[in-house]
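The sequence and its predicted three-dimensional model are supplied below.
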Amino acid sequence: MNADSMKPANDPTVDYRKLVMQGYDQCAGRYGSIRRNEIEPDINLLTDRLDEGAKILDIGCGAGVPIASTLAQHFEVTGVDISREMVHLSRKNVSDGSFIHADIMEVDLPADEFDAVISFDTIFHIPKEHHRDLFQRIHHWLKNGGYLLATVSDENEEPYLGEFHGVTMYWSNYGLQEYIEILSEIGFDIVQTSSIGHGYDPSHETPEEHHPLILAQKIDLLLQVPDDLQLQNSEPFGDIGYKKF
Ligand SMILES: C[S@@+](CC[C@H](N)C(=O)[O-])C[C@H]1O[C@@H](n2cnc3c(N)ncnc32)[C@H](O)[C@@H]1O
């Protein structure tokens, strides 16, 4: 993104979701062609914790390379992307994945379905007032003990527009500390944070960029219920509503 082109994105008459969708439809081919082919090593933070065949949801799967394509070698991958062109590329590039063309804020997925959710360089394209809802949706889709590996942003910023691969793009984000707080409040343990680069092929001259990466785990409420309470209660108790089992 060209920092000189940044402008505030605060016009209530503009549909920024549509702008993101149309922008990625237009630049999908170019984005896919300069995205690096090798998966970022930090993905091992997640994959080392998963069993072969685990179900992974890739939010904002883009052109499917390298994330969905690499994960699909060992896991069952479902990608969701708001851009029709990106989904088309993912289906072409990753024959053994399933891909859904949808806004992640609207898609209907089963509860307790996924062992892991991954999302690289996507959450900051969704208006930040929806980020808590998004993490709540992810929490709902994850199995107890499931993992989220997501890139977020360093600083809390006002939403802005900028030039991105020949189109106008939209960004909206809180900072790392806010994301840690939101995830913790929703019911995630923060396992680890690190930082990754922009993900373009080294042959493409792109200014250096770093994004914080968060690995979080859906708190397994069953493991958290103290033994004495499990034995004494046969009716729902507390906020979490577990019965004796
Ligand atoms: C920078 S690309 C990253 C693609 C991929 N994760 C990667 O690492 O190559 C961001 C992707 O997020 C998708 N996206 C943006 N907003 C979305 C939304 N609300 N729901 C689903 N996908 C979205 C875009 O269409 C685009 O493919």
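Cool, got the structure.

Next to the ligand, which bits of this structure? Give me the list.
With the criterion set to CB under 6 Å from any ligand atom, the chain comes near the ligand through 20, 24, 35, 60-62, 67, 80-83, 86, 103-105, 120-122, 125-126, 199. (C-beta placed from N, C-alpha, C; glycine too.)

ok, now with 5 Å
Contacts of the chain with the ligand, taken as CB under 5 Å from any ligand atom, map to 20, 24, 35, 60, 62, 81-83, 86, 103-104, 120-122, 125-126.

Where does the prediction get shaky in this protein?
For the chain, applying pLDDT under 70 flags the ranges 1-4, 201, 205, 207, 222-245.

just the helices in it please.
With DSSP state H applied, the chain shows helices at 16-34, 44-47, 67-71, 84-93, 131-141, 176-186, 221-224, 227-232, listed in chain order.

For the residue positioned nearest the centre of the chain, give the beta-bridge partners.
Among the residues of the chain, the one closest to the centroid is residue 119, at 2.3 Å (CA atoms, centre = their mean). Beta-bridge partners recorded for residue 119 (DSSP bridges): residue 150.

ChimeraX command to pick out the buried ones of the residues of the chain next to the ligand?
Restricted to buried positions by 16 or more other CB atoms under 10 Å, the ChimeraX selection for these reads:
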select :20,24,35,60,62,81,82,83,86,104,120,121,122,125,126
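
out of the residues of the chain next to the ligand, which are inside strands?
Using DSSP state E, the subset of these located in strands is residue 81.

Can you say which two of the residues of the chain next to the ligand are spatially most distant?
35 and 103 (21.4 Å; CB to CB).

re earlier: who's in contact with the residue nearest to the centre of the chain?
By CB atoms under 8 Å, 6 or more residues apart in numbering, the contact list for residue 119 reads 58-60, 148-151.

Residue 99 too?
Neighbours of residue 99 in contact, by CB under 8 Å, 6+ apart: 61, 64, 68, 78-81, 87, 90-91.

now, which of those residues sits nearest the ligand?
Within those, the smallest distance to the ligand is 4.5 Å, found for residue 81 (CB to the nearest ligand atom).
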